[in-house]
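Peer 1: Coordinates only, no sequence provided:
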């Protein structure tokens, strides 16, 4: 599965089932740009375990506010619609893979 860009309107639907890693980001954010290729790699290698979605916090402030996102990138891991884990800031691929595997 490819990484899906989500909005305030479809965020709940896209994170409701299975394991979903949601990347809260913005185009002007340096660490967000650094983590993007890491997420692409994980998506290619772990697509059977996890769906990755990206939410632009500038355009979708309602959802970012709902989850208390103050710093970006913030990655929230959802399992069947519930937040089960969270990391803030750039993370190396190994740390994200471990995070996903812990809940898969």
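Peer 2: Ah, there it is. Keep in mind it's a predicted model, so treat the numbers as computed, not measured.

Peer 1: wait, is residue 77 part of a strand?
Peer 2: Yes - assigned with DSSP: H, G, I helix; E, B strand; the rest coil, residue 77 falls within a strand.

Peer 1: For the nearest residue to it once chain neighbours are set aside, which residues are in contact?
Peer 2: Leaving aside its sequence neighbours, residue 77 sits nearest to residue 85 (Cβ to Cβ, 6 or more residues apart in numbering; 4.1 Å). Bear in mind the C-beta positions are built from the backbone N, C-alpha and C, glycine included. The contact partners of residue 85, by Cβ atoms under 8 Å, 6 or more residues apart in numbering, come to 76, 77, 99, 102, 103.

Peer 1: following the host helix or strand of residue 85, which helix or strand comes up?
Peer 2: For residue 85, the host element (DSSP states H and E) is strand 82-88. As assigned by DSSP H and E, the chain's next helix or strand after strand 82-88 is helix 93-103.

Peer 1: tell me the two of the contacts of residue 85 that are most distant?
Peer 2: Distance extremes for the contacts of residue 85: the farthest pair is 76 and 102 at 14.2 Å, using Cβ to Cβ.

Peer 1: Could you check which of those two has the larger neighbour count?
Peer 2: residue 76 (21 against 10; other Cβ atoms under 10 Å).

Peer 1: Chain neighbours aside, what residue packs nearest to the more buried one?
Peer 2: residue 22 (4.7 Å).

Peer 1: dump the residue contacts of that neighbour.
Peer 2: Residue 22 neighbours (Cβ under 8 Å, 6+ apart): 6, 11, 15, 52, 53, 54, 55, 75, 76, 77, 78.

Peer 1: element containing the fourth one?
Peer 2: When you say that, I think you mean residue 52. Using DSSP H and E, residue 52 falls in strand 51-56.

Peer 1: Partner strands of that strand, with direction?
Peer 2: Neighbouring strands of strand 51-56 in its sheet, by DSSP bridges, are strand 4-6 (parallel), strand 19-25 (parallel).

Peer 1: Out of these, the one nearest residue 48 is which?
Peer 2: strand 19-25 (10.2 Å).

Peer 1: avg pLDDT for the closest one?
Peer 2: Mean pLDDT, computed over strand 19-25, is 98.
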